[in-house]
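In: Structure of the sequence below:
(2 chains)
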Amino acid sequence: DTEVTQTPKHLVMGMTNKKSLKCEQHMGHRAMYWYKQKAKKPPELMFVYSYEKLSINESVPSRFSPECPNSSLLNLHLHALQPEDSALYLCASSPRFGTQPQHFGDGTRLSIL
Amino acid sequence: GENVEQHPSTLSVQEGDSAVIKCTYSDSASNYFPWYKQELGKRPQLIIDIRSNVGEKKDQRIAVTLNKTAKHFSLHITETQPEDSAVYFCAAPKRSGGGADGLTFGKGTHLIIQP
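Out: The predicted model follows:
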């Protein structure tokens, strides 16, 4: 069973739409991450939240806007995306400070028309 | 930041044989090295990890070795089975120095188990 839950599993949107991806974990983890994975490529880090505060932004375009409302939830707000943004978006969490095992959700497969 | 190189990109082995995947890293301060298995259409799944204070770790048919001097680490799978077929990624912390950090991944190895 996946302990990190992502919704929706699939999302198709136009370039002018606004949508949000959601991630939830109930393991008490205090660090949460967004990764982007293109087909046949490794995951690439986008954002890191530690104790609900954004600690790392890997120079991601502003059309991606992360939000961490509480320690269990992580959102990724999408606006005016480009076709090249089509990918699998993975959320992960880890217990706390320092380098800990990261556990991934099943991801949201995003297609931009 | 950290740079991780992974080889080979594809590995085909006979069922029952062993498989070895190798990775090198650039940052000598890196202290944590996980391995993920990703089946087609599924999430990366952590299968084993090692910290820099040990040289080897085993979990049933899977083992990881770490050579800090040479800055490389390897995944060893013995008695391979068809369900071992997947893409395997090595990873290392993107930045050293502690704090909640993300991972940088190798490019992946497609492991094929031939019946």
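In: residues from chain B in reach of chain A?
Out: Neighbours of chain A within chain B, by C-beta under 8 Å from any C-beta of the partner chain: B:31-32, B:34, B:36, B:42-46, B:49, B:89, B:93-94, B:98-108. (C-beta placed from N, C-alpha, C; glycine too.)
In: Show only the entries of those found in strands.
Out: Among the residues of chain B next to chain A, the members found in strands (DSSP state E) are B:32, B:34, B:36, B:45-46, B:49, B:89, B:93, B:103-105.
In: if we can go back for a sec, list only buried entries from the residues of chain B next to chain A.
Out: Buried by 16 or more other C-beta atoms under 10 Å in any protein chain shown: B:31-32, B:34, B:36, B:43-44, B:46, B:49, B:89, B:93-94, B:100-108, out of the residues of chain B next to chain A.
In: can you map out the helices along chain B?
Out: For chain B, no helices turn up when DSSP state H is the criterion.
In: Tell me where the model's unsure across it.
Out: Residue ranges of chain B with pLDDT under 70: B:96-100.
In: who's in contact with the lowest-mean-pLDDT helix or strand in chain A?
Out: Lowest by mean pLDDT, DSSP states H and E among the helices and strands of chain A is strand A:53-57, with a mean of 89. For strand A:53-57, contacts defined as C-beta atoms under 8 Å, 6 or more residues apart in numbering or on different chains pick out A:45-49, A:66, A:68, B:94, B:99-102.
In: again, only using 10 Å
Out: If you take C-beta atoms under 10 Å, 6 or more residues apart in numbering or on different chains as the criterion, strand A:53-57 is touched by A:31, A:33-34, A:45-50, A:64, A:66-68, B:94-95, B:99-102.
In: Pull the distance from the next helix or strand after that strand to the chain's centre.
Out: Downstream of strand A:53-57, the first helix or strand assigned by DSSP states H and E is strand A:64-70. Counting by C-alpha atoms, centre = their mean, to the nearest Å, strand A:64-70 is centred 9 Å from the centre of its parent chain.
In: Perfect, I'm done here.
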